[in-house]
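S.K.: My questions are about this predicted structure, shown below with the sequence.
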Amino acid sequence: MVDDGGIIIKEEVFEEAYIPSRMLHREGQIREVARCLEPVVEGRRALNLFLYGPPGTGKTTLVKYMFDDLSSRSMKFKPIYINCWERNSKHAVASALLSSVDPLAPLKRTPAELLEDFLGSVERKEYNVVVCLDEVDRMEDKDMLYDLSRAGIGLVLVSNDPYALVDLDPRIKSSLFLNFVEFPKYRPDELVDILKDRAEIGLRPGAIEPHLLRVIAVSAEGDARVAIATLRNAAKLAESRGASKIEKDDVMQSVKAARKLKVQQILSTLNEEMRLLYSIVEEHGEISSAELYQIYRERSKKPVAERTYRNYMDRLVELKLVKAEGDVRWRRYKVV
DNA sequence: TATCCACGGGAAATACAGGGAG
DNA sequence: CTCCCTGTATTTCCCGTGGATA
């Protein structure tokens, strides 16, 4: 390996698809998921799982990590991973299932036929299948879960939303015997450990001081994906300066960029009136509630009622886009 | 102490989305 | 595919509350 002064040694360590060789601070979750999936090594069926928790808490990574491990220990184990954000219709899911066991199978047929072929193929090959349905709340026709489970397919359902399955037919839900596993946000010190691990593998030795990792960890607010992306970005900034070490400024700039991106993302999910309110607060830095509403009424084409305005502001506060000061009366809003 | 007025709970009204019939 | 109905989510209206102010 040539030393060209670069900071990043192994880029893939920072990529979304990277599966770490060990998962830190998820011991309890690993134990529970392993308990449910371990039977496949003995040729028995897996117990169904429901994994839930906020983004960047290791749900998907843990599933892939487990799939890799079990695959290396059992020839008949067939893991299938499907992201329901990309494939949410019954047909899309059924096609993905079939082509993962039979890549050449024709797909221009009804979902029911595809599913039947899939199950037939699984039985012929004596596969022990576990299907991971990521972002399962996006899935349109959840009745399929019942058909799969009844056919002996193990299910790993993943969602940000703990209540993703409340609208599911109670009879189907109870027939699945789901094992619930919660993935809480990482604490700052846990994120530091994770970042240390990645830095050790992905960056040249001594490329970053531990206290800077802590700055990144705190700013990521429990989300490992954000933390890792911020570290990578800081490394890139340092590299583009021609430096061999990440400095505080690189980190600060990267943290700022991450926060800005997040704000933009959240803002894009809100309606126009709420965005206008945010921009007025941003413009003033700090403003009283009464003044804010007055300015808002002048600027908006169709201003909402005063009570709705207060609901909107509560929402902006909840999303941590603005801060409210003053408890009861004379409330003032500030940009975070 | 009397009055003021933004806040927030809740009911009513309205907008919106999803499902079924034709 | 369109239209209509129904259930859900959002917005508006109304009002009691309690700290601030005079």
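M.R.: Perfect, I can see it now. Numbering: from 1, shown residues only, chains lettered A, B, ... in the order given.
S.K.: the strands in the stretch 1-150 of chain A, which residues?
M.R.: A:49-52, A:77-83, A:128-134 (DSSP state E, counting those that start in this stretch).
S.K.: ugh, wrong one, the stretch 201-336 of chain A
M.R.: So, for the stretch 201-336 of chain A - with DSSP E, counting those that start in this stretch - the strands run A:286-288, A:322-325, A:332-335.
S.K.: Which neighbouring elements make contact with the first one?
M.R.: In terms of contacts (3 or more C-beta pairs under 8 Å, 6 or more residues apart in numbering; DSSP states H and E), strand A:286-288 is packed against strand A:332-335. To be clear about C-beta, it is placed using only N, CA and C from the backbone, and glycine gets the same treatment.
S.K.: Helix or strand next in line after the helix or strand of chain A with the lowest mean pLDDT, which one?
M.R.: Lowest by mean pLDDT, DSSP states H and E among the helices and strands of chain A is helix A:170-176, with a mean of 81. For helix A:170-176, the following helix or strand on the C-terminal side (DSSP states H and E) is strand A:179-182.
S.K.: tell me the mean pLDDT over that next one?
M.R.: In this model, strand A:179-182 has an average pLDDT of 96.
S.K.: mind listing what it pairs with, with the direction of each?
M.R.: strand A:49-52 (parallel) (DSSP bridges).
S.K.: quick check: mean pLDDT across the partner strand?
M.R.: 95.
S.K.: what does that strand contact?
M.R.: A:29, A:32-33, A:36-37, A:59, A:62-63, A:155-162, A:164-165, A:178-183 (C-beta atoms under 8 Å, 6 or more residues apart in numbering).
S.K.: So which of the residues you listed would count as near DNA strand C as well?
M.R.: Counting by C-beta under 7 Å from any atom of the strand, nothing from those sits close to DNA strand C.
S.K.: And those residues, which of them are buried?
M.R.: Among those, those scoring as buried are A:29, A:32-33, A:36-37, A:59, A:62-63, A:155-160, A:164-165, A:178, A:181, A:183 (criterion: 16 or more other C-beta atoms under 10 Å).
S.K.: Spit out the contact partners of the residue positioned nearest the centre of chain A.
M.R.: Centroid check for chain A by C-alpha atoms, centre = their mean gives residue A:55 as the closest residue, at 3.2 Å. Contacts for residue A:55 (C-beta under 8 Å, 6+ apart) come out as A:160, A:223, A:225.
S.K.: ok, now which ones touch the first one?
M.R.: Residue A:160 makes contact with A:52-55, A:135, A:137, according to C-beta under 8 Å, 6+ apart.
S.K.: The residue of the stretch 1-150 of chain A found nearest DNA strand B: neighbouring residues, count only.
M.R.: At 8.2 Å from DNA strand B, residue A:140 is the closest residue in the stretch 1-150 of chain A, using C-beta to the nearest atom of the strand. Counted by other C-beta atoms under 10 Å, the residues lying close to residue A:140 total 14.
S.K.: And the pLDDT at it?
M.R.: 71.
S.K.: if I look at it, how far off is DNA strand C?
M.R.: 16 Å (C-beta to the nearest atom of the strand, to the nearest Å).
S.K.: what do you get for residue A:335?
M.R.: Distance from residue A:335 to DNA strand C, by C-beta to the nearest atom of the strand: 22 Å.
S.K.: roughly how far apart are that residue and residue A:263?
M.R.: 10 Å (C-beta to C-beta, to the nearest Å).
S.K.: Please apply the same query to residue A:142.
M.R.: 33 Å.
S.K.: And the two? Which one has more around it.
M.R.: residue A:142 (20 against 17).
S.K.: Averaged pLDDT, stretch A:285-294. What do you get?
M.R.: 91.
S.K.: re the thing from before, pick out whichever of the contacts of residue A:160 sits closest to residue A:200.
M.R.: The closest of the contacts of residue A:160 to residue A:200 turns out to be residue A:55 (C-beta to C-beta; 24.5 Å).
S.K.: can you map out the helices along chain A?
M.R.: Secondary structure of chain A, counting by DSSP state H: helices at A:27-37, A:59-73, A:90-101, A:111-125, A:144-150, A:170-176, A:188-202, A:210-219, A:224-240, A:248-268, A:272-284, A:289-299, A:306-318.
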